[in-house]
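Asks: Got a sequence here, can you build the structure:
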Amino acid sequence: MDDMLHIQIGVTNPLNNDNHGFFTLKDKNRNEIKCDYNVTFTDTSDDGGRIDYMEYVFDIPQAEIEQYSLLGDFVTSGLFTKGNWQVTFPLELENE
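Replies: Numbering: from 1, shown residues only. I've put the predicted structure just below:
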């Protein structure tokens, strides 16, 4: 799209898990190429379901894409802990 590489991922039920990650490219010289920008947005269905989308955009024309390798680093954190938790912390007045 727009002569750029767009990679989009979607995370279902993001409030109950913490699935996330990011993409990078490597060129033929093994140099890491980070995305030029990314966009996030959410889609909520009528039944209360939710998908969080992340789109990574690289300024790589389609004609040059074979010169790169796509790498990803992803985390799945399904350890949702239930319990009677309480957090307290002191508030301090800042001197002006």
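Asks: Quick one: residues contacting Leu5.
Replies: The contact partners of Leu5, by C-beta atoms under 8 Å, 6 or more residues apart in numbering, come to 25, 57-58, 60, 62, 65. Heads up, the C-betas are built off the backbone N, CA and C, glycines and all.
Asks: Of these, grab the buried ones for ChimeraX.
Replies: Selection of the buried residues among these in ChimeraX, burial being defined by 16 or more other C-beta atoms under 10 Å:
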select :25,57,58,60
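Asks: So which of the contacts of Leu5 belong to helices?
Replies: If you go by DSSP state H, these have nothing in helices.
Asks: which one in the contacts of Leu5 is the model shakiest on?
Replies: pLDDT across these is lowest for Gln62, at 89.
Asks: quick one on the thing from earlier: among the contacts of Leu5, which one sits closest to Glu94?
Replies: Closest approach to Glu94 among those (C-beta to C-beta): Val57, at 40.0 Å.
Asks: what bridges to that closest one?
Replies: Beta-bridge pairing for Val57 (DSSP bridges): His6, Tyr37.
Asks: From Ile65, how far out is it?
Replies: 13 Å (C-beta to C-beta, to the nearest Å).
Asks: where's Phe22, which helix or strand?
Replies: strand 20-26 (DSSP states H and E).
Asks: Report all helices and strands that the helix or strand that comes right after that strand contacts.
Replies: Sequence order places strand 32-33 as the next helix or strand after strand 20-26, per DSSP H and E. Counting contacts by 3 or more C-beta pairs under 8 Å, 6 or more residues apart in numbering; DSSP states H and E, strand 32-33 packs against strand 20-26.
Asks: Quick check: buried residues in the strand it packs on?
Replies: Across strand 20-26, burial judged by 16+ other C-beta under 10 Å covers 22-25.
Asks: Ok, stretch 60-79 next?
Replies: 60, 68.
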